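Participant: predicted model, plus sequence, below.
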Amino acid sequence: MQPVFYLFGAFMGVLVFSPGSCVPTVTGLYGETIEVPCNNGNNKPEGLIFTKWKYVKDDGSAGDLLVKQAQKDEATVSATDGYKNRVSIAANSSLMIARGSLTDQRVFTCMVVSFTNLQEYSVEVRVYKKPSDPVIRNKAKELENGKLTKLGDCVVESGNPSANLTWMKNNLPLVDDGKTIIITPTVTKDPVTGLSSTSSSLQYTANKDDMGSQFTCSSKHEMGNQVSSSEIFPIHYPTEKVSLQVVSQSPIREGDNITLKCQADGNPPPTSFNFIIKGKKVTVTGKDVYTLTGVTRDDSGTYKCSLPENDAMESTQIVTVSFLDVSLSPKGNVSKNVNESLVVSLDKNSSTEAKVIWKKDKRIIDKLPSFSNLTYSDAGLYECDVSIEGIRRNFSFRLAVEGKPKITSLTKHRSYDGKHKVLTCEAEGSPKPEVLWNVNGTNEEVTYNNGKATYKLTVVPSKNLTVTCQVTNKLGQEIQEISVFSLFEKPPPKPDMAGYGAGQAKVIVGVVVGLVLAAALVGLIYWLYIKRSRQGSWKTGEKEAGTSEESKKLEENNHKV
């Protein structure tokens, strides 16, 4: 047969048939009104005379409860025992039992009498009581590693039927294995109410992995399941390992404090430790730290900690104190003359390899500057940044390269509009040279960079001028001059030196050729004269020798020729 459900007030009754029996069962709540249905509410046959409720007493005999006549509104209570003031009948002929208790767990029978028939309908009543929430009592103060110890008792009270209890660790059920886990349940009944209280004792063998584990107890009951609050038990076990830590911020620099912390894996932890500071033993009590103040590079080395009762159980750490020593030469303001040399040296000593960055006028340069022959462009601010992890040093020097002024160029040109002439005087020198012109002008411009100065002056010459540019600084001065012609007269044309040289060469060649020809002509005339003279003597047949006067004249004539 299928169960039939009834809802009344705050009570939900379930009508079921017991296995192997034709008697249905209804469930009531302890302390609440129990409704016992009569033939599932179908109890008003044709010709109904009365309805009667009776029950089976504890000794097995029958007892009457009440009778309800069909023609009357009120029922007649016939019970003389504890039901006298607790029973009534509902409009649908259901038996109503107030203040339900465990004594109401019995069989009640509804008898329906009509003119044609008599029917009886029996119902077995069960009363449920939800127990209290589970709690863990008699808790252990601590658990010992590897030792079977009673952890506590889980208890629920005043329930019916009795609850089932389960121990759990980290939400997983514990199973009794008879060795490392032993669970002992106990159920007791209150002799007055008949309600049951259930307890479960747990003996547990803990280990180090149980540190922080949460133990709970759950209650399973027909009226619902409940879980106790969780409990965490300290686990005691001896120290097996120590660990030394350097808790100071890294890197450690000279002047810092070093805090050493020695930790042990035992529980409870040791209260005393030995710290070995570079071979020297220091014992601390009541704490696990030791601090060194204002350390230096000499404090770098090996540090240890151990247990006072067992020096062999120790831990080691190597401590390095970072340091950075740097010196730069030169520094500050440095003044040198142009073309001199300057030696820059950087000495550094550090705990680790240092990183060096050079800058000139805030711009990074490749390497340490070297000056074998200083120029004006070498002047500027030189900065050196030296660093290791956690430490940085900055140095600088400002180099000034000085030299007396020297004019490198003095030129002139006509302006684009042809109305002015622009004079440009370029010079080198440091400190910056001052310029002095011997003429007045406008739009004077001065630029100076890396020891090079450019001075421009715009003039309108009304006549031919000789302009001087004088540049001066504290180291000396220099003057140059330039001819500037009037804008209103054209300057005389310059001789064409190239044409003049070529014409002069031609004249020289002509003179040489003429001299050669003249000499040849004189020689020819002289030869003809001699020849003619000799031919004449031969014609007369006279002796070649003449008078002394004739000879002298002849000789004079020859010389003339």
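Facilitator: Right, received. Where do you want to start?

Participant: mind listing what the residue lying closest to residue 410 once chain neighbours are set aside touches?
Facilitator: Among residues not flanking residue 410 along the chain, residue 480 sits closest, at 4.7 Å (C-beta to C-beta, 6 or more residues apart in numbering). For every residue, glycine as well, the C-beta is placed using N, CA and C. Each residue near residue 480 by C-beta atoms under 8 Å, 6 or more residues apart in numbering is listed here: 407, 410, 425, 468, 469.

Participant: ok, 6 Å please
Facilitator: Going by C-beta atoms under 6 Å, 6 or more residues apart in numbering, residue 480 touches 407, 410, 469.

Participant: could I get the residues you listed as CSV with secondary structure, pLDDT and distance to residue 30?
Facilitator: Converted to CSV, those look like this (DSSP: H, G, I helix; E, B strand; the rest coil; pLDDT from 0 to 100; distance: C-beta to C-beta, whole Å):
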residue, secondary structure, pLDDT, distance to residue 30
407, strand, 94, 123
410, strand, 92, 125
469, strand, 94, 124
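
Participant: now tabulate these in JSON lines and tack on distance to residue 236 and neighbour count.
Facilitator: Supplementary listing: those in JSON lines, determined by distance: C-beta to C-beta, whole Å; neighbours: other C-beta atoms under 10 Å:
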{"residue": "407", "distance to residue 236": "97", "neighbour count": "21"}
{"residue": "410", "distance to residue 236": "101", "neighbour count": "18"}
{"residue": "469", "distance to residue 236": "100", "neighbour count": "23"}
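
Participant: can you pull up the bridge partners for the residue nearest to residue 410?
Facilitator: residue 469 (DSSP bridges).

Participant: how about the nearest residue to the residue nearest in space to the middle of the chain, chain neighbours excluded?
Facilitator: By C-alpha atoms, centre = their mean, the chain has its centre lying nearest to residue 250, at 16.1 Å. In space, and not counting its chain neighbours, residue 250 is closest to residue 390: 7.7 Å by C-beta to C-beta, 6+ apart.

Participant: contact partners for that neighbour?
Facilitator: Listed by C-beta under 6 Å, 6+ apart, the contact partners of residue 390 are 251, 253, 322.

Participant: count residues in the vicinity of the last one, would you?
Facilitator: Right, the one you point to is residue 322. Neighbourhood size, residue 322 [other C-beta atoms under 10 Å]: 19.

Participant: that one contacts residue 351, doesn't it?
Facilitator: Yes - contact criterion C-beta atoms under 6 Å: residue 322 and residue 351 qualify, at 4.7 Å.

Participant: bridged to residue 89, which residues?
Facilitator: Beta-bridge pairing of residue 89, defined through DSSP bridges, involves residue 95.

Participant: what stretches of the stretch 151-300 of the chain score poorly on pLDDT?
Facilitator: Within the stretch 151-300 of the chain, no range satisfies pLDDT under 70.

Participant: can you show me the strands along it?
Facilitator: Under the criterion DSSP state E, counting those that start in this stretch, the stretch 151-300 of the chain carries strands at the ranges 164-169, 172-173, 181-189, 196-205, 214-220, 226-227, 231-232, 235-236, 242-246, 252-253, 258-264, 272-277, 280-285, 289-292.

Participant: dump the last one to CSV, keeping only the CA atoms.
Facilitator: It stands for strand 289-292. Taking only C-alpha atoms (Å, rounded to 0.1, in the frame of the first residue of the first chain), the coordinates of strand 289-292 have been written out as CSV:
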residue,chain,number,x,y,z
VAL,A,289,66.3,35.8,17.3
TYR,A,290,69.7,37.5,17.6
THR,A,291,70.5,40.9,16.2
LEU,A,292,73.9,42.4,15.2
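
Participant: partners of it, with directions?
Facilitator: Here strand 289-292 is paired, per DSSP bridges, with strand 258-264 (antiparallel).

Participant: about what we covered before: for the contacts of residue 480, give me JSON lines that also has distance to residue 61.
Facilitator: Below are the contacts of residue 480 laid out as JSON lines (distance: C-beta to C-beta, whole Å):
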{"residue": "407", "distance to residue 61": "148"}
{"residue": "410", "distance to residue 61": "150"}
{"residue": "469", "distance to residue 61": "149"}
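
Participant: of all those, which comes closest to residue 430?
Facilitator: Nearest to residue 430 among the contacts of residue 480: residue 407, at 14.6 Å, using C-beta to C-beta.

Participant: what's the separation between the nearest residue to residue 36 once chain neighbours are set aside and residue 222?
Facilitator: With sequence-adjacent residues excluded and distances taken as C-beta to C-beta, 6+ apart, residue 36 is closest to residue 95, at 4.1 Å. Distance of residue 95 to residue 222, given as C-beta to C-beta, to the nearest Å: 23 Å.

Participant: for the residue nearest to the centre of the chain, phi and psi?
Facilitator: Note on residue 250: backbone dihedrals following degrees, to the nearest 10 are phi -100, psi 150.

Participant: ok, now residue 376?
Facilitator: Dihedral angles of residue 376 (phi, psi; degrees, to the nearest 10) stand at phi -60, psi -30.

Participant: how about it, what does it touch?
Facilitator: 401, 430, 450, 451.
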